[in-house]
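*Asks:* Whatever this is, show me its structure:
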Amino acid sequence: MHAKTEKAQIRHTRVSSAYWRVTFDNPPLNVMGPQFVREMREIIKAVEADEEVKVLVFESAVEGFFLNHSDFNADMKDLTSMPQGPTGLEAWPDILVRITRMPVVSIALIRGRATGNGSEIALACDMSFASREKAVLSQWEVGVGLVAGGGPMARLPRQMGRQRALEVLLSSNDIGGDLAEAYGYVNRSLPDGELDGFVDALAKRIASFDKWAIANTKRLVNTSLPPDVEIAEGWDTCIKSIARPAAQRNFKTLFEEGFHKLGDVEDRLGYYLGRLGR
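*Replies:* Numbering: from 1, shown residues only. Next up is the predicted model:
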């Protein structure tokens, strides 16, 4: 009953029958909790069932945040108790794998912070484009004593090479748009004023093409994807890592400094992670 009164955290708009936009809207920080995962699952199901949609663009309505880390004020059991998805994976990795495999082109338009889950969405998409001035990408988990759960250990080495992947994962540092482009973390970094127009034009161009050709080209490129077992192992290790004493100590420190609230810790998370072990 309570769920019916909750404000939706995601909305999707049909620009045309072939081109949909999915907007993350969970202010003030765009964190990802169980409600967000449930809503994402319904949207992905709708995309998979629609024969006309060809392009899906993910974006944010929350200033400063594309999609952030998990909601650590939520009950983690609400997430871990969700039934497995059609891939056989747990709820969040199931969504990510389905985005990568569905016969629809997925594009991440990254403005603001894409930390943890936001980075994992970008990596699951077929393409990602970042604001040069406003995008910040990171896999923050190692810095707080966790292992990431949405597959970046499986995806990043194939995308940017092993050494750069390890730098991103093990430094847990914030990466701006231009460095993200140089490393192959995103397709391109564009001036913020040009980002929306570029992504919209690209989405409309691809949406004008034949869906069979799009779907089969993507299917053949997808032979380079990591096997699901790598994604599953990452999720299992992530869930185990949350309860570790080292992680719990680090979380306590971050929360005392202002984590999970608007302010400097969320804005400069990489900096604060670097201070934890000192």
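*Asks:* which ones are touching the nearest residue to Asn187 once chain neighbours are set aside?
*Replies:* Once flanking residues are discounted, Asn187 sits nearest to Met127: 5.0 Å by C-beta to C-beta, 6 or more residues apart in numbering. Yep, even glycine has a C-beta here, placed from its N, CA and C like the rest. Shown in contact with Met127 (C-beta atoms under 8 Å, 6 or more residues apart in numbering): Val105, Ser106, Ile107, Ala108, Asn187, Leu202.
*Asks:* Just the buried ones out of those, please.
*Replies:* The neighbour-count test (16 or more other C-beta atoms under 10 Å) marks Val105, Ser106, Ile107, Ala108, Asn187, Leu202 as buried among these.
*Asks:* which helices and strands sit right next to the strand or helix carrying the last one?
*Replies:* Looking back up the chat, that one is Leu202. Using DSSP states H and E, Leu202 sits in helix 192-207. The elements that helix 192-207 packs onto, with contact taken as 3 or more C-beta pairs under 8 Å, 6 or more residues apart in numbering; DSSP states H and E, are strand 10-16, strand 19-24, strand 55-60, strand 105-115, strand 127-138.
*Asks:* my guess is Gly270 is in a helix, correct?
*Replies:* Yes - the assignment for Gly270 is a helix, going by DSSP: H, G, I helix; E, B strand; the rest coil.
*Asks:* My read is that it contacts Leu137, right?
*Replies:* No - Gly270 is not in contact with Leu137 according to C-beta atoms under 8 Å; the separation is 10.4 Å.
*Asks:* These two: who's more crowded?
*Replies:* A count of neighbours by other C-beta atoms under 10 Å puts Leu137 above the other of Gly270 and Leu137, at 26 against 16.
*Asks:* Show the model's pLDDT score for that one.
*Replies:* pLDDT, Leu137: 98.
*Asks:* swap in the one 10 residues further on?
*Replies:* The per-residue pLDDT reported for Val147 equals 98.
*Asks:* Give me the common contacts of Gly270 and Leu137.
*Replies:* Joint contacts of Gly270 and Leu137 (C-beta under 8 Å, 6+ apart) are Asp174.
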